[in-house]
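Participant: 3D model of this:
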Amino acid sequence: MAQGSLDVWTLRRQDSNLDRTAPKAVVLPLHYGGPRGPGAGRRSQVCHSSPVDPGAASVLRGNQPAGLRDNGGMPASDEVDRIVGSWRRERPDLDFAPLQVLSRVARLSKHLDRARRTAFSRSELESWEFDVLSALRRAGAPYELSPKALLQQTLVSSGTMTNRIDRLVGRGLVTRRTDPHDGRGVLVGMTPGGLERVDTAITRLLDAEAELLSTLSPVDQERLAGLLRKLSLDFD
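Facilitator: Sure, this is the predicted structure:
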C-alpha cells in the first residue's frame, strides 16, 4: 500500500476508535445533584451545573420525609385532613369538600375566641363589653351612638342591648343621655375610662391575632381575607 494511502487509512482508523471510545454527553434531569460513584468525574465535565445539597435534591425528587412537604417543613396534614379522610373511607359516596374549609374555620375560631378572651381580660373587659365599647370607639368623637345603632353593630336583640348598656353604665364605662335632637331618643356615650380600656384591649387583641397569623405571609393574609370576604358577603 502506498505511503499516502497508509496515512489516510491510519487516520481514519484513529477517528473511528475515538468515536467508539469517546464518552457521550448525558442529558441530566434538573435535580441532578452532582457526581456520584465511579466514573463521576467524566460526567461532571459534561454537566456544568453547581452541586445541589443532598437534602434539597431529595425534596426536588419528591423524596420528602413522611408527613412533610416542600413548604419549610410544615406538616402535610392536620386534624381536619384526618377527619375528612376517615369520612371519605366510610362514606365515599359523599363530597366532603365543605368540611375542608368550614371545619378549619370552626377550629380556628376557637383559637381566636381564646385569644380574644385573654386580651380582654387583661383590660378587665368581657367580650360583649368590648363589642359595645369598640362600636362607640369606631364612631369617633364624641363616641356616642343610639341603642339601635349599637344593637345593629353587635347583632343582639333590643332587650339584650338594654341590659348591656345598664351594666356598662354601672361600671362607669358609658353614660346615657337624652338625644338633644330627638326628645324621645337616647344616646349612649363612652366615658374616659371606657376609652382607655377599649384602646388598651384593641392593642392587645391585634398583637394576639398577629401571632395567630404569623405563619402566613402578608400576601397570603390578603388573599385569605379576600376569600373570606367573598364568602361572608351573603351573610352580612
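Participant: Now the longest helix seen in the chain: buried residues?
Facilitator: Ranked by number of residues, the top helix in the chain under DSSP state H is helix 97-122. Residues 99, 103, 115, 116, 119, 120 are the ones in helix 97-122 that count as buried (16 or more other CB atoms under 10 Å). Quick note: C-beta positions are derived from backbone N, CA and C, even for glycine.
Participant: for that helix, packing partners?
Facilitator: Counting contacts by 3 or more CB pairs under 8 Å, 6 or more residues apart in numbering; DSSP states H and E, helix 97-122 packs against helix 79-90, helix 127-138, helix 192-212.
Participant: Buried deepest among those, which one?
Facilitator: Most buried of the helices and strands packed on helix 97-122 by mean neighbour count (mean count of other CB atoms under 10 Å) is helix 127-138; its value is a mean of 20.
Participant: tilt between it and helix 192-212?
Facilitator: Here helix 127-138 runs at 110 degrees with respect to helix 192-212, directions being taken by axes from the mean of the first three to the mean of the last three CA atoms, to 10 degrees.
Participant: following helix 127-138, which helix or strand shows up next?
Facilitator: Later in the chain than helix 127-138, the nearest helix or strand by DSSP states H and E is strand 144-145.
Participant: ok, residues contacting that next one?
Facilitator: 135, 136, 139, 153, 187, 188, 189, 190 (CB atoms under 8 Å, 6 or more residues apart in numbering).
Participant: mind running it again at 6 Å?
Facilitator: Residues from elsewhere that reach strand 144-145 (CB atoms under 6 Å, 6 or more residues apart in numbering): 136, 139, 187, 188, 189.
Participant: List just the nearest of the buried residues of helix 97-122 to residue 169.
Facilitator: The shortest gap between residue 169 and any of the buried residues of helix 97-122 belongs to residue 120, at 19.0 Å (CB to CB).
Participant: Report whether the expected contact of that closest one with residue 202 is present.
Facilitator: No - if you go by CB atoms under 6 Å, residue 120 and residue 202 don't touch, sitting 9.8 Å apart.
Participant: So for residue 163, which of the helices and strands packed on helix 97-122 sits nearest?
Facilitator: Across these, closest to residue 163 is helix 127-138 (CB to CB), at 9.9 Å.
Participant: Dump the closest one to PDB, keeping only the CA atoms.
Facilitator: The C-alpha coordinates for helix 127-138 follow below in PDB (Å, rounded to 0.1, in the frame of the first residue of the first chain):
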ATOM      1  CA  SER A 127     -66.000  40.100  75.200                       C
ATOM      2  CA  TRP A 128     -69.500  41.700  75.000                       C
ATOM      3  CA  GLU A 129     -68.300  44.800  76.800                       C
ATOM      4  CA  PHE A 130     -65.500  45.200  74.200                       C
ATOM      5  CA  ASP A 131     -68.000  44.800  71.400                       C
ATOM      6  CA  VAL A 132     -70.100  47.700  72.700                       C
ATOM      7  CA  LEU A 133     -67.200  49.900  73.600                       C
ATOM      8  CA  SER A 134     -65.400  49.300  70.300                       C
ATOM      9  CA  ALA A 135     -68.600  50.200  68.300                       C
ATOM     10  CA  LEU A 136     -68.600  53.600  70.200                       C
ATOM     11  CA  ARG A 137     -64.800  54.000  69.600                       C
ATOM     12  CA  ARG A 138     -65.200  53.400  65.900                       C
END
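Participant: what's the average pLDDT for stretch 160-178?
Facilitator: For stretch 160-178, mean pLDDT rounds to 96.
Participant: and that stretch, how far apart are its ends?
Facilitator: Distance between the two ends of stretch 160-178: 20 Å, counting by CA to CA, to the nearest Å.
Participant: Can you give me the buried ones in it?
Facilitator: 161, 164, 165, 168, 173, 174.
Participant: any idea how far residue 102 lies from residue 125?
Facilitator: With distances taken as CB to CB, to the nearest Å, residue 102 is found 29 Å from residue 125.
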